[in-house]
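Visitor: One predicted model, sequence on top.
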Amino acid sequence: MLFLKARLSDKKSPLSKYLLISSLFIVILLLELSTPNEYVFGYLYTGPILLANSWLGRQATFQATLIAVCLTMLNLVVPGGEVIKASIVASRVIAAIALIVTGFLSDRIRRSEEASAQTRAKLEAQEELVRLREDFASTLTHDLKTPLLGAIEALKAFQQEKFGAVLPAQQKVLATMARSHKTSLQLLETLLDVYRNDTEGLKLDLAPVDLVILGEETASTLTELAANRRVYLSFNYGDSDWRQSLWVKGDALQLQRVFTNLLVNAINHSRRGERVEIVLEPQTSYQVVKILDTGAGIQPEQFPHLFERFYQGHSDAFGGLCLRQTKGSGLGLYLSRQIIEAHGGMIWAENRVTTGAMFAFKLPVYPFQSSLALLDAPYSN
């Protein structure tokens, strides 16, 4: 109650606060002096002590506590004329100790409240800074899309010779510029998706999806990249020697992005002449996809950060060949984690027994996959 009164009186001037506290001391002192010694009113000094702590700070709390203890003990001999008993002395000593404890604890509580308020203020400032930074990044990436799209269309028009004949050497330059602009556009779109997913959540268009078909289609779009890196793509269907469907309920477009991110990562990190293996394994409750590369593997200290936003691994070299040939934006694995977790699945990474790394994810089995398998099965009499 005293704390509430203190909060309600925060607008009082310092002088009025001192006068109110002094008045309380005088009232309690009069009660002490006008009653026999065995009546201890010193406990009432806790009120002025708490008010001093709330209004005036640490030094005033110390002063109020010292005055209260002195006045409580002074009443043993003032006004005088009474026999001082041991029980009366003990009562007043206990009251003095209670006042000291009150002053000490109220000071501790005040400092704890101030520290908590400072921490809250810092956290709020940091959250505001993060929000402003992300709003700025989102707006900037959105605004940069328009000139990039314009540049890509202009390059396409030059490649199609709409502005006149283009020499073969010039076509190569135009193709390089177009690829560079498309890469930048993909990065911007990834940034926008990441910020949108963080703020609004990932919106999924769920439908039955066969991970085998999705993986094969994605791999076919990356054959040129793999050929340029001299990396071979191969499929493995787990314990089965036959190709079989892995049905899940998911967003095909978003899951294809996961396949693309993991395959591009594996291709870029594999040694020339080696292969990237796509393993598709059906399990009882989950469908599992594993992407195996032949790179340098993952350093132990990198594992906790692999799927964090903007995290980039270190480059290593082996046998004169750079295994970490390219550095990405640090968003592909983060976005992949967002997508897989939104589907109720899990994504992880580990080192292979021989050489290289494995990035894998698993998704819940689509409950009606048996009927879908029957529809896919060839007709027989």
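Guide: The structure has been received and is ready for your questions.

Visitor: now the helices for the stretch 51-200 of the chain?
Guide: 58-74, 86-159, 168-200 (DSSP state H, counting those that start in this stretch).

Visitor: Dump those helices to TSV, plus mean pLDDT, distance to S220 and mean neighbour count.
Guide: No exception for glycine: its C-beta is placed from N, CA and C like everyone else's. Shown next, in TSV, are the helices of the stretch 51-200 of the chain (pLDDT from 0 to 100; distance: least, C-beta to C-beta, whole Å; neighbours: other C-beta atoms under 10 Å):
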stretch	mean pLDDT	distance to S220	mean neighbour count
helix 58-74	90	73	19
helix 86-159	83	23	13
helix 168-200	77	18	14
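
Visitor: Any chance of those helices in a markdown table with distance to H269 as columns?
Guide: Below are these laid out as a markdown table (distance: least, C-beta to C-beta, whole Å):
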| stretch | distance to H269 |
| --- | --- |
| helix 58-74 | 60 |
| helix 86-159 | 26 |
| helix 168-200 | 18 |
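
Visitor: roughly how far apart are K85 and V69?
Guide: 20 Å (C-beta to C-beta, to the nearest Å).

Visitor: no, scratch that, I was asking about S54
Guide: 19 Å.

Visitor: what sits opposite W348 in the beta ladder?
Guide: Judged by DSSP bridges, the bridge partners of W348 are A360.

Visitor: Pretty sure A360 is one of the things it touches, is it not?
Guide: Yes: assessed by C-beta atoms under 8 Å, W348 is found in contact with A360 at 6.0 Å.

Visitor: who has more neighbours, the two?
Guide: Neighbours were counted for W348 and for A360 using other C-beta atoms under 10 Å; A360 has more, 17 against 14.

Visitor: quick one: that one from T284, how far?
Guide: Taking C-beta to C-beta, one finds A360 at 17 Å from T284.

Visitor: again, but for P367
Guide: The gap separating P367 from T284 is 12 Å, by C-beta to C-beta.

Visitor: More neighbours: the two, which one.
Guide: Neighbour count, other C-beta under 10 Å: between P367 and T284, P367 has more, with 9 against 5.

Visitor: Can you tell me the SS state at the more buried one?
Guide: Per DSSP: H, G, I helix; E, B strand; the rest coil, the local secondary structure of P367 is coil.

Visitor: That one and W247, how far apart?
Guide: Applying C-beta to C-beta to P367 and W247 gives a distance of 9 Å.

Visitor: do M177 as well
Guide: Taking C-beta to C-beta, one finds M177 at 42 Å from W247.

Visitor: try V209
Guide: According to C-beta to C-beta, V209 and W247 sit 7 Å apart.

Visitor: can you list residues touching both of those two?
Guide: In terms of C-beta atoms under 8 Å, 6 or more residues apart in numbering, V209 and W247 are both contacted by the residues Y366.

Visitor: hang on, L363 packs against E341?
Guide: No: counting by C-beta under 8 Å, L363 stays clear of E341, with 10.5 Å between them.

Visitor: So these two - more neighbours on which side?
Guide: Here L363 and E341 are compared on neighbour count by other C-beta under 10 Å; more neighbours surround L363, at 24 against 14.

Visitor: how about that one, what does it touch?
Guide: Applying C-beta under 8 Å, 6+ apart to L363 gives the contacts L211, V248, G250, Y286, Q287, I340, H343, G344, G345.

Visitor: Which of the residues you listed has the largest number of neighbours?
Guide: Greatest neighbour count in the contacts of L363, by other C-beta under 10 Å, goes to G250: 28 neighbours.

Visitor: got the contact list for the residue lying closest to T221 once chain neighbours are set aside?
Guide: Distance criterion C-beta to C-beta, 6 or more residues apart in numbering; nearest residue to T221, sequence neighbours excluded, is T260 at 7.6 Å. T260 makes contacts with T218, T221, L222, as judged by C-beta under 8 Å, 6+ apart.

Visitor: Select only the buried ones of the residues you listed in PyMOL?
Guide: To isolate the buried ones among the contacts of T260 in PyMOL, judged by 16 or more other C-beta atoms under 10 Å, type:
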select buried, resi 218+222
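
Visitor: what's the closest of the contacts of T260 to I26?
Guide: Checking the contacts of T260 against I26 with C-beta to C-beta, the nearest one is T218 at 85.4 Å.

Visitor: Among the contacts of T260, name the ones in helices.
Guide: Restricting these to those inside helices, with DSSP state H as the criterion, leaves T218, T221.

Visitor: Dump the contacts of T260 into TSV; add distance to L188 and pLDDT as well.
Guide: Below are the contacts of T260 laid out as TSV (distance: C-beta to C-beta, whole Å; pLDDT from 0 to 100):
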residue	distance to L188	pLDDT
T218	21	91
T221	20	88
L222	21	90
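
Visitor: Quick check: of the contacts of T260, which lies closest to E153?
Guide: Ranked by distance to E153 (C-beta to C-beta), the contacts of T260 are led by T221 at 21.9 Å.

Visitor: which intervals of the stretch 251-381 of the chain have sub-threshold pLDDT?
Guide: Regions of the stretch 251-381 of the chain meeting the criterion pLDDT under 70 cover residues 310-330, 368-381.
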